Each structure stands twice: as structure tokens, then as C-alpha cells.
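Novice: Mind folding the following:
(one chain, ligands or ions: 2)
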Amino acid sequence: MVNIIDLHKSFGKNVVLSGVDLNTDQGGIYAILGPNGSGKTTLIKSILGMVLPKKGTIEVLGENIKIDSAYRNHIDYLPQIANFPNNIKVKELIRMIKDLRGAKNTNEENLIRRFQLEPFLNKKLGNLSGGTKQKVNIVLTFMFDRPLIILDEPTTGLDPIALIQLKELIRIEKDKGKTILITSHIMSFVEEISDEIVFLLEGTIYFKGTIAALKEKTEQPNFEHAIASILSKHHA
Ligand SMILES: Nc1ncnc2c1ncn2[C@@H]1O[C@H](COP(=O)(O)OP(=O)(O)OP(=O)(O)O)[C@@H](O)[C@H]1O
Ligand SMILES: [Mg+2]
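Specialist: Ligands and ions are numbered 1, 2, ... in the order given. Okay, the predicted model is just below:
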């Protein structure tokens, strides 16, 4: 689904990605992990064509993304920080995004119900709480039915009920055969939903595999400790 070969990206002198190789199958949930500033968002934005790499190749659905930008129509993307216009209403924003994409069969009604957003549809985005904004962000991402879903910190600000709804939604999409890339710092969430983890450290993929394999490699019985053991070795 996504095939990345020898990806390099720097911002000025700051080397963020220095030889990332990553290959995902079609279908399944991949969690991209790594400490703050390790380059998760940069990697995601490179896949989306929002960050231009210095070197390397990215293929999505078998196509080199440099050659044709049409691949973007196969990706649903939830940004880590959504910059919504403050002065328009939730329902207006949903309509605008639908119109912009020229999409007809969208799923927003279901999603609005799932996240109990009905009372907020006529409110301006600038007046919403952080968690409610994130629910709108989620609706805008999932209302199109695309085969690759990329979620950058989707749990940010969500209350426990919304978190349960998000997990259910992600599982439903996975069961349709979709490929889902997720970044998260919430280890319990990652452990619950991901099929594989991809651990980004010092510019490259330090580990890719199942949580069971990570526990074995680090000789740690629990996931959180397995992650902590990698990080503490690298601090030492
Ligand atoms: N547009 C930019 N201009 C300059 N530096 C940037 C830019 N975007 C990211 N960086 C730098 O690249 C590095 C990686 O940032 P990135 O946002 O990819 O990290 P992350 O792993 O997503 O972190 P977090 O867990 O905090 O979301 C950081 O040092 C950051 O300061
Ligand atoms: Mg990030």
C-alpha cells in the first residue's frame, strides 16, 4: 500500500529523517511511534506530498507520488493540528469540504450521530471546545470512503466515550480492508488497536513488527515497558 525507500528530510541543519524504509501491506492498522520531534508528522506529510523530501522514493498504491498527484484522492487524512476557520459553522464547514472534493456519497450523518455532534452543527468553530473540534476533525476525515487512512494523533482531547467511538470506527474501517496509519502517544490505545508498530528513532525505523515481537526483542513483558526500554537505552 505504502512503500518508502531511503527517505531523507532535513529542515535546515536539523536532520529529521535519514534513510527511512517502510513497506506496508494492504489492509491493517499500523501505529507509527516515536518520541516528540522524532519525525512522525514529517513522515506522514511526506506521504501526503505536503513535505518535500531531500532524497528517497515514496509509492502509494503502486504509484510513485512524484509523478502524479491523483493518489491523494485515495487518502483520508486527519491532521495533528486542524486549522479551522473560526467564523463559520460546523455544518457549513462540512458542506464546504464536501463541495470542494466534489463528493456525493459521504457518510457524515452517521459520524455526527456517533460523536453526538448534533447540538454543535449550528455553532461556530471558534466557539467549540478542543475535544469537540477534534470530533469535527474526525468527521471530516472519515466521511469519505477512501482505502488509505492516515491519522495524526486522533485521540487528542477526546473524552472516554468519544475514544470508544473512535476505536470502534477505526475497527469498522479496518474490517472493510483499509490500510490505516496512526500516530499516538497513548500506549493503551496503540496496544488495543494496532496490528503492527513502526518505531521511529533518530531518523530511521528502529523497529517494525507486532507488539509480541517487540516484547520479545526487548525482553519486556509489557508493551509500555518495551517502549520505555528502547527509549532509555537511547538516552544512555
Ligand atoms: N515546517 C518545519 N520547519 C522547520 N522544522 C520543522 C518543520 N516541521 C517539523 N520540523 C522539525 O522536525 C522535527 C520533527 O518534527 P515532527 O513534527 O515530524 O515530529 P513528531 O514526531 O510528529 O513529534 P510529536 O510527537 O511532537 O508530534 C522537529 O525537530 C521539528 O522541529
Ligand atoms: Mg507529530
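Novice: contacts, neighbours, all on C-alpha from now
Specialist: Fine.
Novice: the bottom helix or strand of this protein by mean pLDDT?
Specialist: The weakest-scoring helix or strand in the chain, judged by mean pLDDT, DSSP states H and E, is helix 223-235 (a mean of 87).
Novice: Might you list the low-confidence residue ranges for the chain?
Specialist: Along the chain, the model assigns pLDDT under 70 to residues 236.
Novice: And the strands in it, which stretches?
Specialist: Using DSSP state E, the strands found in the chain span residues 2-11, 14-24, 28-33, 55-60, 63-64, 75-78, 148-152, 179-183, 196-201, 204-209.
Novice: circling back: is the least confident helix or strand of the chain anywhere near ligand 1?
Specialist: No. Shown here: helix 223-235 not in contact with ligand 1 (C-alpha under 6 Å from any ligand atom), separated by at least 13.7 Å.
Novice: I'd like to know which elements that helix is packed against.
Specialist: helix 187-193, helix 211-218 (3 or more C-alpha pairs under 8 Å, 6 or more residues apart in numbering; DSSP states H and E).
Novice: possible to save the strands of the chain as TSV with distance to Leu93?
Specialist: Output for these, formatted as TSV (distance: least, C-alpha to C-alpha, whole Å):
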stretch	distance to Leu93
strand 2-11	30
strand 14-24	33
strand 28-33	28
strand 55-60	28
strand 63-64	31
strand 75-78	15
strand 148-152	20
strand 179-183	24
strand 196-201	34
strand 204-209	37
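Novice: Serialize these to JSON lines and add fields for mean neighbour count and distance to ligand 1.
Specialist: JSON lines is the format used below for the strands of the chain (neighbours: other C-alpha atoms under 10 Å; distance: least, C-alpha to the nearest ligand atom, whole Å):
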{"stretch": "strand 2-11", "mean neighbour count": "18", "distance to ligand 1": "5"}
{"stretch": "strand 14-24", "mean neighbour count": "17", "distance to ligand 1": "5"}
{"stretch": "strand 28-33", "mean neighbour count": "24", "distance to ligand 1": "8"}
{"stretch": "strand 55-60", "mean neighbour count": "18", "distance to ligand 1": "16"}
{"stretch": "strand 63-64", "mean neighbour count": "16", "distance to ligand 1": "22"}
{"stretch": "strand 75-78", "mean neighbour count": "21", "distance to ligand 1": "13"}
{"stretch": "strand 148-152", "mean neighbour count": "23", "distance to ligand 1": "8"}
{"stretch": "strand 179-183", "mean neighbour count": "24", "distance to ligand 1": "8"}
{"stretch": "strand 196-201", "mean neighbour count": "22", "distance to ligand 1": "8"}
{"stretch": "strand 204-209", "mean neighbour count": "16", "distance to ligand 1": "12"}
